[in-house]
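# need coordinates for the below:
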Amino acid sequence: MDKKEISTNNAPAAIGPYSQAIEANGMFFFSGMLPIDPATGELVPGGIKEQTAQVFMNINAVLSAAGVNVDHIVKTTVFLEDMALFGGMNEVYAAQFSGTFPARSAFAVKTLPKNALVEIEVIAVK
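Model prediction:
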């Protein structure tokens with residue numbers, strides 16, 4: 001198997017022993033992206049819409065480093081601090097895609113790293 005790390009300074013650095021993304025045989029597996037501003041290393045201010053927008057800025061930065069874009073995303077998993085945030089997240093999420101949406105799962109979890117409201121992981125294919 002051919003496995004390659006994908007990383008960029010335009011997205012937050014990993015806050016643990018993991019990679020931003022891994023490419024394996026033409027598939028890209030992203031670690032969960034948090035709403036962290038890569039310039040400051042802090043969560044962006046605001047609510048679920050602002051945090052979801054930052055998550056997608058980070059996802060797009062790593063996609064770009066991998067030489068692909070959102071059209072290559074086939075699956076996402078959304079982790080929310082509370083399902084009451086689903087509507088606001090979904091509004092921003094929907095605006096990220098045109099045409100066919102990727103498959104998606106969404107879950108409420110007890111706590112996210114840095115007490116974020118949302119985290120999204122992505123699988124993309126070349």
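# all contacts plus neighbour counts: C-alpha atoms, from now on.
Noted.
# just the mean pLDDT for stretch 17-27, thanks.
The average pLDDT within stretch 17-27 is 96.
# so what's the gap between that stretch and the chain middle?
13 Å (CA atoms, centre = their mean, to the nearest Å).
# so what touches that stretch?
1-7, 13-14, 28-31, 62, 123-126 (CA atoms under 8 Å, 6 or more residues apart in numbering).
# out of these, name the ones that lie in strands.
Among those, the members found in strands (DSSP state E) are K3, K4, E5, I6, F28, F29, F30, I123, A124, V125.
# wait, what's in contact with the second one?
Applying CA under 8 Å, 6+ apart to K4 gives the contacts I22, E23, A24.
# drop anything exposed from these.
With burial judged by 16 or more other CA atoms under 10 Å, the buried subset of those is I22, E23.
# closest one of the contacts of K4 to F107?
I22 (23.2 Å; CA to CA).
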